[in-house]
Every structure is written in C-alpha cells, then in structure tokens.
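A.B. asks: fold the following.
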Amino acid sequence: MKRTLIKNARIINEGEIFEGSLVIEGEIIAEILRNQAEPAIPCQETIDARFHYLLPGIIDDHVHFREPGLTQKADIFSESKAAVAGGVTSIMDMPNVIPQTTSLEALEEKFKLGAEKSLVNYSFYFGATNDNLEQISQLDPQKVCGIKLFMGSSTGNMLVDRIDAIKKLFTHTDLLIAAHCEDQSIIQHNTELFKQQYGEDPGIHYHPYIRSEEACFASSSLAVKLAKETGARLHLLHITTEKELTLLENLPVSEKKITAEVCIPHLLFSQEDYDTLGSRIKCNPAIKKVTDRDALRKALHTHIIDVIGTDHAPHLPAEKEGGSLKAVSGMPMIQFSLISMMELVKAGVISLEQVVQKMCHTPAELYQLHKRGFIREGYQADLVLLNPQSEWTLSNSHILSKCGWSPLEGKKFSTRVEKTFINGQLIYNEGTIADSYRGQALQFRRT
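C.D. replies: Predicted coordinates for the structure are as follows:
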C-alpha cells in the first residue's frame, strides 16, 4: 500500500498542539511522529506541512444536501464538493427531501445515492412522523446516524405534533433522536399578530420575534422533560437562545444522554445583521439577539454545547427574496464553516483545540463513529491541512454549492483549507478536486 508522509505539521488533536509528522498507509493513519522522528518504513510521497495545521477531518452532523427531489437547489455531488473544499470529510444528511426519508425504501434509496454521488463519508437521518414507529424499530443502528424529529415545522413540513407519538418515539427507540425544537402553536400565534400589524409578509427584522425565544424554549424544555422521563438519547439541534442553555448539563458526552448542537450562523450573526444581510441569513430557528450569540459563544468553552454543525441548507437566490414569511429559511455554510471558526479563533472567541473538539472529536464520540474524528494510529485517515497565513476575500467565484451564493461573500479570511484527505486519499488539493472519488457509508459502534 502507498505510504504518504505529512511532515513538519502543527498537529491539533485531543487537546494539544504539537510539532510532528504523520504517515498515511492506504486508508489509515499508520504512524504519528513527534518532533523530527522518522517513519519506521520509507514513504513513497512526502508533503512538507511546515507552518501548517493538521487536524482531523470535520464531521458535520447537520446538513441538507437536497437530494432526492430538490436538486434544483443542491445535490449530493455538488454539496459534497463544497464540503471537501471546506475540510469536511463526513456528513449526516437530513430527511426533509422529496420523497421524505420516512420509509425504509426511501432511506435505502438515499444510501444508494450517497454511494453513487458523495465525495465525503455519509450517513442519513430517518425522519419521524406521527405514525412510522414500526419502521423506526427496523432501522440498522450501525448504519443510521439517528432519528430526525421536527417538533416545529420547517422546510419540508415534517411536523410531529401529537404528544402521544413523541412519547412513543422517546420510549421505544435506543437510537439518537435529533430534535428541531420550536413550538408551533406559539409560532402560529405570533405569525397572526405580526401579519395583523405589518401585512402578509412582515419585514425580515420580525423573524426572531415570530420564531421567538419563547417558542424555542417551550419546545426544547418539553423535549428535555420527555427525555429525562423516558431515558431517551436526545440531541437538541441548533440551540439559538441563552435561555435554552439552562436546560443543559455541563458534562462530557460520555456522562450524559441529552446533548446539544450550535450551528455556525448562530455563532457568526445576530439580529443586527439583518440590516445588511436581510433574508440571506434567515433560518429556522431564527438568528436572535447579540446576547444570545455571545452566550452561545461562551458556552463553547464548556461541555454545555457539545458540537458545532452548519445546518447547511441551500436555496436558490430567488427563493430568499421577501420578508419574515415569504423568504425561505436556510443558507449554504459547509464550504466555509471551518475557516469561519478559524476567524473566531483569531478573535479570541474560541481556541484551536476547542474547534477540533467541537467539530471533530465530540461528533465522533456523540454518534459513536467507528475509528473517525481523531488523529490516532489505526484510525481512518480523514485529515485537513490548513494554511493559517493566507489572507483572501471570499468572492462568488469561490462558491461550489449549486445555489451559487453565500452570506459570507465579501468577507476577508486569514486561513485557507489547502488539502483534504478522505480515507487516506487526497481529494482536495489547493483548489483541485478529485471528483471521481466516492466516500464511505459511516459505521457506528452501537450494539
């Protein structure tokens, strides 16, 4: 098998940064060498990574690649290209497509599409409905990343609104339940109030008041209550408010059954940014106050927030036109998630070690991924090489997502993803993508 030496890197892994080298042999990490140590066996290829950071590939637990049925916006091939260009090596894709991934047949079709089209490693959530518990019981826990529960309607309208159905789900599955939590009755009440005052499509500034803190907290607190009563494995997606943080425990993933994700847009933006970015940053749950954003950032220093995802959700530019009701919710983020977090490192918001913990290590632990998410001998060689001294401005020409836009256009960055390895293969190399490669279906260690 081919052996590749990545030498003189600054390796970020498991809470430390050290000078060292790494040997890839076939698909795996064969050796980790500190300082100037030489590999035990000569290598056919050497990459000099001096002045660069080497870290595990990013694991994004929350993406919408829009296939099947919505491929005018995005597809697995286009978005996995964007992912690999951003240093993301594994993704977990959501079920609100057409047809929705709420049957075993639809799930199997998505796995076939993943095998045919994805450059990155992949798994797919199975969507919960009010009446598909029997099919959930037949899922393979070593193949499926989790169950997606919409406790509040979003794109695709997969709302589970019967409390008896939610209780049955929490009681009868051992799989991770990834929940979108917004109380629909509160949202509907707020919608009618704002339409009465401001017309059929209130301005985008009203979005965080329609999909309010109250709506988020009511739904999240219900989910947490039910999880505690039943012992379910609950993962709260895209936490957006300071108040919701009070529902969570400051414990490592291994010591708790209720975990939480924060997404890149809610760490970067606040509702003040609606003035300049408008509906481009409209998402569900809504981007809220500066104090909420800052509380989420502060929580990254603890075990209260476990993982950083993207909620990568491409839409066509025309679909983003309008106000708080007519513009669709969601934005493409996966290609620029890692470098955005590196800007927060530069600003002193988070450390390099914490970025790797929240985007690589903890997702692997939380989902019990098999031999991924860490730089360890014997693990899959999913790796990213970063140049931390590359000043550049994001323009439209950089964007690989099919939708062709980003809310980050015009932003200056100081870090660039130079190389991305997936299962030992160099797939992204300084702007060039080996797009004939296909990633692997993720495997989970559950029993």
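A.B. asks: which one is Ser254 nearest to, not counting chain neighbours?
C.D. replies: Leaving aside its chain neighbours, Ser254 sits nearest to Glu365 (6.9 Å; criterion: Cβ to Cβ, 6 or more residues apart in numbering). In short, each C-beta sits where N, CA and C put it, glycine included.
A.B. asks: ok, now how distant is the one you found from Val307?
C.D. replies: To Val307, Glu365 is 9 Å away according to Cβ to Cβ, to the nearest Å.
A.B. asks: higher neighbour count, those two?
C.D. replies: Val307 (27 against 18; other Cβ atoms under 10 Å).
A.B. asks: how many residues are close by Glu321?
C.D. replies: There are 12 residues near Glu321, going by other Cβ under 10 Å.
A.B. asks: for Asn96, see how far away the closest residue to it other than its chain neighbours is.
C.D. replies: Using Cβ to Cβ, 6+ apart and skipping the chain neighbours, the partner closest in space to Glu321 is Ala327 (6.1 Å). Noted for Ala327: a distance of 18 Å to Asn96, by Cβ to Cβ.
A.B. asks: between these two, which is the more surrounded one?
C.D. replies: Asn96 (23 against 19).
A.B. asks: how about the strands of the stretch 101-250 of the chain, start to end?
C.D. replies: With DSSP state E, counting those that start in this stretch applied, the stretch 101-250 of the chain shows strands at 121-124, 126-127, 147-151, 177-181, 234-236, listed in chain order.
A.B. asks: chain center to the second one, what's the gap?
C.D. replies: For strand 126-127, the distance from its own C-alpha centre to the chain's C-alpha centre is 17 Å (Cα atoms, centre = their mean, to the nearest Å).
A.B. asks: then the fourth one?
C.D. replies: For strand 177-181, the distance from its own C-alpha centre to the chain's C-alpha centre is 14 Å (Cα atoms, centre = their mean).
A.B. asks: ok, that strand: who's next to it in the sheet?
C.D. replies: strand 147-151 (parallel), strand 234-236 (parallel) (DSSP bridges).
A.B. asks: repeat that for the shortest one.
C.D. replies: Sheet pairing of strand 126-127 (DSSP bridges) gives strand 147-151 (parallel).
A.B. asks: what residues does the partner strand touch?
C.D. replies: Identification of contacts with strand 147-151 by Cβ atoms under 8 Å, 6 or more residues apart in numbering yields 94-96, 125-128, 136, 139, 156, 158-160, 166, 169, 173, 175-183, 219, 222-223.
A.B. asks: show me where the stretch 151-300 of the chain has its helices.
C.D. replies: Assigned by DSSP state H, counting those that start in this stretch, the stretch 151-300 of the chain shows helices spanning 163-172, 184-198, 207-210, 213-230, 264-268, 274-277, 290-299.
A.B. asks: any idea which of those helices scores lowest on pLDDT?
C.D. replies: Across the helices of the stretch 151-300 of the chain, helix 163-172 has the smallest mean pLDDT, namely a mean of 89.
A.B. asks: how distant is that helix from the center of its chain?
C.D. replies: Worked out by Cα atoms, centre = their mean, helix 163-172 lies 26 Å from the chain centre.
A.B. asks: next, the angle from it to strand 177-181.
C.D. replies: Here helix 163-172 points in a direction 150 degrees away from that of strand 177-181 (axes from the mean of the first three to the mean of the last three Cα atoms, to 10 degrees).
A.B. asks: which elements pack onto helix 163-172?
C.D. replies: helix 133-136, strand 147-151, helix 213-230 (3 or more Cβ pairs under 8 Å, 6 or more residues apart in numbering; DSSP states H and E).
A.B. asks: return the distance of the longest one from the chain's centre.
C.D. replies: Offset of helix 213-230 from its chain centre (Cα atoms, centre = their mean): 22 Å.
A.B. asks: same thing with stretch 112-129?
C.D. replies: In this view, stretch 112-129 has its centroid 14 Å away from the chain centroid, taken as Cα atoms, centre = their mean.
A.B. asks: how about stretch 206-213?
C.D. replies: Chain-centre distance of stretch 206-213: 23 Å, with Cα atoms, centre = their mean.
A.B. asks: also stretch 70-80?
C.D. replies: 16 Å.
A.B. asks: residues making contact with it?
C.D. replies: Contacts of stretch 70-80 (Cβ under 8 Å, 6+ apart): 63-67, 91, 93, 97-98, 113-114, 117-120, 122, 312, 314-316, 319, 332, 334, 400-403, 435, 439.
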